[in-house]
Structures are given as structure tokens and as C-alpha cells.
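Peer 1: Quick one, fold the following:
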Amino acid sequence: MAAQLPDDFKCPISLEIMSDLVILSSGHTFDRASIQRWLDSGHRTYPITKLPLHEHPSLIPNHALCSLISSYTLVTPSKSFTKRDSALRCKLTESGVVPAVLKCAELDDLSLQQKALSLLLDLSLDDDNKVGLVAEDTVNRVVKVLRVGSPNSRALAATIITSLAVVEVNKATIGAYPDVIWALVCLLIAGKRREKKEAATALNAICSFADNRRRAIDCERCQY
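Peer 2: The predicted structure is shown next:
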């Protein structure tokens, strides 16, 4: 597992995946046990910059990066959830993992991005999660992937839109996001085969709402 994780998840001292993360005033994060051993050994400089340490350096928990590391573990399942895994989907959503997974979806690491999107898609399959995921600003993050993601990521992003649009109230909310329909129309026109298919399905799902149909028509006109 460690070899699959980004280097930013590894402690600069031990080069192992961090579990109890603390950040120093230099802005660098370390595993607490490693930095504590460094200090107990009498070192009085920062491990990376070699600049002098304060006399009593503060070790501040880095909750944000800790959440990302935990989320990475969650987004590398051996297989997708089944339809019967509704309780697990709800537990994951209620655990507060969604914001961290959304951050993973925005990273430059394409493998991590695709796994994060796959988890979001799995979570969205439960109807009880659909409105909550839209409220968590999932659509805004997905639109970014539609514009600049890899082909596989763009296809996954379009599929997430389709899944979220199953709930009628989400159709209006999704369509009101800037660029979401424009991004799907662009994908339909210029994407590869799978991207075109998923974009068409997503547009079909959200365009059952009249305002979204008008937006899609306006977008098509702008292409010519």
C-alpha cells in the first residue's frame, strides 16, 4: 500500500506513511513519533530546511492531511460497492469523509483522482446521499474535472452528474451551477467515445428540467 501513496503522505524523516501527523512552524508535516525522536536526539534544526528550531517547538496536529491519507485508503477498495451496501455508503458519508475525498479529486495525481471519483460515484448510488453530495459542493468539483481531467476522469465525472440527477430536486441545482451544462456539451462534441456517451446520458438526465434544456440549447448555439 505504501508504494501506491503520494510522496507527500510520507514522513520526510522516516520515509514511511504518516499516521499521527503534526506540522511545525516551518510549514512541513512529520509523523509525531519521528519528529519527537529527532528532538529527543538533541537536534536543534528543522529536518528539511536545517534552519534553527525554536527553543520549544510546537507540534500542531495536521488534520487536513490526515483526512486526505485516510480518504486515500478508502478510495482504493478491492471492488466497488454492491447495491446492497447502502448502510456502508451512509456510514462513509456520515463520517465526514466527503470533503476530503473531494480534495483528492482535485489533485494532480490522476490515479488518486480517478479513485476518488469512483468512490464519489459509489456513494451517489444511494438516494439518501444524492442531495447531501450536491450540498457538499460535489458538482462544482466535478465540473472542474469535466473541463481539465483525463478522459477516464471526465467520463466518471459525467456519470456522477447522471447519478446525482436521479433525484428530481437536484436537476435544477445542478443546472444552475456555472459551466456544468457547457462542460457537458463540450464533452459531447469533442470527447472520445466513452466521454461522449456519458456526457449524452448526463445531459439527458438533467435536461428533463425545462430551464436546463434551454441552457443546453444556448450552449449548442454558441458552438457554431
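
Peer 1: Please, where are all the strands along this protein?
Peer 2: Taking DSSP state E as the criterion, the chain carries its strands at 21-23, 29-31, 60-61.

Peer 1: So which of these is nearest Ala116?
Peer 2: Using Cβ to Cβ as the criterion, the shortest distance between Ala116 and the strands of the chain is 19.5 Å, found for strand 21-23. (Each C-beta comes from the backbone N, C-alpha and C, glycine too.)

Peer 1: elements contacting the closest one?
Peer 2: When contacts are defined as 3 or more Cβ pairs under 8 Å, 6 or more residues apart in numbering; DSSP states H and E, strand 21-23 sits against strand 29-31, helix 32-40, strand 60-61, helix 63-74.

Peer 1: Out of those, which gets the lowest mean score?
Peer 2: Least confident of those, judged by mean pLDDT, is helix 63-74 with a mean of 66.

Peer 1: returning to what we had before: could I get the strands of the chain in TSV, plus columns for distance to His43 and mean neighbour count?
Peer 2: TSV is the format used below for the strands of the chain (distance: least, Cβ to Cβ, whole Å; neighbours: other Cβ atoms under 10 Å):
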stretch	distance to His43	mean neighbour count
strand 21-23	15	21
strand 29-31	12	22
strand 60-61	19	12
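
Peer 1: Columns distance to Leu107 on top of these, output as CSV?
Peer 2: Conversion of the strands of the chain to CSV gives the following (distance: least, Cβ to Cβ, whole Å):
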stretch, distance to Leu107
strand 21-23, 17
strand 29-31, 16
strand 60-61, 21
